[in-house]
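# Below is the sequence, then the predicted model.
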Amino acid sequence: MDELKTNVLYFGDNLEILRKYIPDNSIDLIYLDPPFSSKKDYNIIFKEATGERSEAQIKVFSDTWTWDKIAERTYYDIVQTAPPDVATLIDALHSVLGNNDVMAYLVMMTPRLVEMHRVLKDTGSLYLHCDPTASHYLKLVLDRVFGPTNFRNEIVWYYRGAGVSPKYFGRRHDTILLYTKSSKWVFNLDEVRMPYAEATIERFKHYIGNIRNGRDFGIQELNPQGKHPDDVWEISIVAPSAKERLGYPTQKPLALLERIIKASSNEGDVVLDPFCGCGTALVAAQKLNRRWLGIDITHLAIRVMSKRLKDSFTGIEFEVIGEPVDVAGARALAHQDRYQFQWWALSLVEAQPLGEKKKGADKGIDGVITFPDERPTRAKRAVVQVKSGHIHVKDIRELKDIASRNAMGIFITLEPPTREMQTEAVSAGYYHSPLWERDYPKIQILTIEELLAGKTVEMPSPNPPFPKAQKIPQKEGEQMAMG
Ligand SMILES: C[S@@+](CC[C@H](N)C(=O)[O-])C[C@H]1O[C@@H](n2cnc3c(N)ncnc32)[C@H](O)[C@@H]1O
């Protein structure tokens, strides 16, 4: 295995990435916020250029687990190859729970937690963010992987919110389990002290005696740096209207990640988030001058995260590993997962993906690029179709039909187009832009090979596909370079 690279986003399954790229004892802090087995689908909600909520929603990832062939196979792998304590626990849980969805979830999580334990330094810490759906089972697994004596805290992240069922108490917290790899670990108490309550400050304005068992321990004073924080944290969720919000489902507040990173790592340390979503942990790490690694299996997450990092930090440098870099790689991705291929291909032209439930006129479209033209007016649209398989001239005729109700049509294909298809595209003529006072080909065919070589769509300057993240000032001190 090569040396550890940092400030890297990996696109792929974290189990494979951990095994392939992350050496033993190389990470100082792991924060993971995996799907919780909540049986929900999570949609990204796009915003229009005006900042309004758009119609377009797309299922980014699903949190429904079923006992299938992969779960069965992984279960046997764990029983045969995992550390004996872990194998015995999983076997025991399986005999109690059977082949059900919770067991499928635990079987997915277990080998990943074993890998995370391997890559953590001896002084490292792991924070597993989950909720009461599966936290009790995950704690059993973590006790086996890390050892029960290395359990440090069960942090309750409490948040306020509306929408409570009248049938039980409001469910208003997530659980964050903190384990360390050994009995020696980093805990920067002074970095995370909290303000004292007003009542405490008031009480301490007067002399407070401290006599215990007849002995006088003298005057008690408050610590000028603040109070020792406890394990219940009240931090607001990222509200739908908050500037911090990017539309990515399950986005966690930056304040939560900052507290974790300040408490359990030092400047220059390496922070890993193997389920990183829109990258809150990475943004917090960058802000606090830590090095970082993020992994996500969803290309949209990689895209949202890359943009978020670039928008937040001027001149930031990082690498993305795992995206196709040639036609063979693109073909492999298309073969493995058609949706991920489509989202990746759309990213090459900066198009916004459309969800699966497309209505009427948008049927057959995979993405859109909007651009302002003719002020003042609504944005114009270029519609985008992505094909990874066999293509035919009738595909171009269909796109021409859809494009006739829009400004332009873009056809992205893995296979090269035939001459007949090119002729059909040319016959569509031009879109005239009043704002730029020029013509653009109405239908444009671009191959993946051409896009990878740097070819771009000919069109007026487009609107950004995702909201812009706010600039974040980086902590003063040495700025971390890629390593
Ligand atoms: C709950 S979200 C994380 C949200 C993140 N904490 C944030 O603030 O944006 C979970 C993420 O895990 C990703 N994921 C699920 N299974 C994965 C796997 N096997 N490997 C890598 N990422 C995975 C999903 O695509 C999703 O983006």
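Structure received. Numbers count the residues shown, from 1 in each chain.

# Now find how far off-centre stretch 387-397 is within its chain.
33 Å (C-alpha atoms, centre = their mean, to the nearest Å).

# I'd guessed Leu142 sits against Leu178; true?
No. With contact defined as C-beta atoms under 8 Å, Leu142 does not count as touching Leu178 (9.7 Å). From N, CA and C alone the C-beta is placed, and that goes for glycine too.

# Overlap in contacts, these two.
Counting by C-beta atoms under 8 Å, 6 or more residues apart in numbering, the residues touching both Leu142 and Leu178 are Leu126, Phe151.

# In terms of neighbours, single out the busier of the two.
More crowded of Leu142 and Leu178, by other C-beta atoms under 10 Å: Leu142, with 24 against 21.

# Contacts only, for the more buried one.
Counting by C-beta under 8 Å, 6+ apart, the residues that Leu142 touches are Leu113, Leu126, Leu128, Phe151, Leu177, Tyr179.

# Check Asn210 too.
By C-beta under 8 Å, 6+ apart, the neighbours of Asn210 are Asp216, Phe217, Gly218, Ile219, Gln220.

# Tell me the one among those nearest to the ligand.
Gln220 (40.0 Å; C-beta to the nearest ligand atom).

# Wait, a helix at that closest one?
No. Gln220 is assigned coil when assessed by DSSP: H, G, I helix; E, B strand; the rest coil, not a helix.

# surely it meets Phe204?
Yes. Here Gln220 reaches Phe204: they are 7.2 Å apart, a contact under C-beta under 8 Å.

# which among the contacts of Asn210 gets closest to Ser26?
Gln220 (43.9 Å; C-beta to C-beta).

# how many other residues sit next to that closest one?
Here the count is done by other C-beta under 10 Å, and Gln220 has 11 residues near it.

# Find me the pLDDT at it, would you?
Looking at Gln220, its pLDDT reads 77.

# which is the next helix or strand following the helix or strand of the chain with the lowest mean pLDDT?
One helix or strand of the chain scores below all others by mean pLDDT, DSSP states H and E: strand 53-62, with a mean of 62. Next in sequence after strand 53-62, counting helices and strands by DSSP states H and E, comes helix 69-81.

# Measure how the helix or strand following that following helix sits relative to helix 69-81, angle-wise.
Once helix 69-81 ends, the next helix or strand along the chain (criterion: DSSP H and E) is helix 84-97. Per axes from the mean of the first three to the mean of the last three C-alpha atoms, to 10 degrees, the angle that helix 84-97 makes with helix 69-81 is 140 degrees.

# what about helix 84-97, distance to the chain center?
30 Å.

# Need the contact partners of it.
Here helix 84-97 has contacts from 75, 78-82, 103, 106-107, 110, 114, 137, 140-141, 144-145, using C-beta under 8 Å, 6+ apart.

# Pretty sure Leu128 sits in a helix.
No. Under three-state DSSP, Leu128 falls outside any helix and is assigned strand.

# So which residues of the stretch 151-300 of the chain form strands?
151-158, 173-180, 211-212, 215-216, 232-234, 270-273, 291-296 (DSSP state E, counting those that start in this stretch).

# Flag every residue of this structure that's near the ligand.
Residues of the chain lying close to the ligand by C-beta under 6 Å from any ligand atom are 13-14, 33-35, 61, 248, 250-252, 275-278, 280, 295-298, 301.

# Provide a PyMOL selection command restricted to the buried entries of those residues.
The PyMOL command for the buried members of these (criterion: 16 or more other C-beta atoms under 10 Å) is given here:
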select buried, resi 14+33+34+35+61+248+250+251+252+275+276+277+278+280+295+296+297+298+301
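
# Thanks a lot, see you next time.
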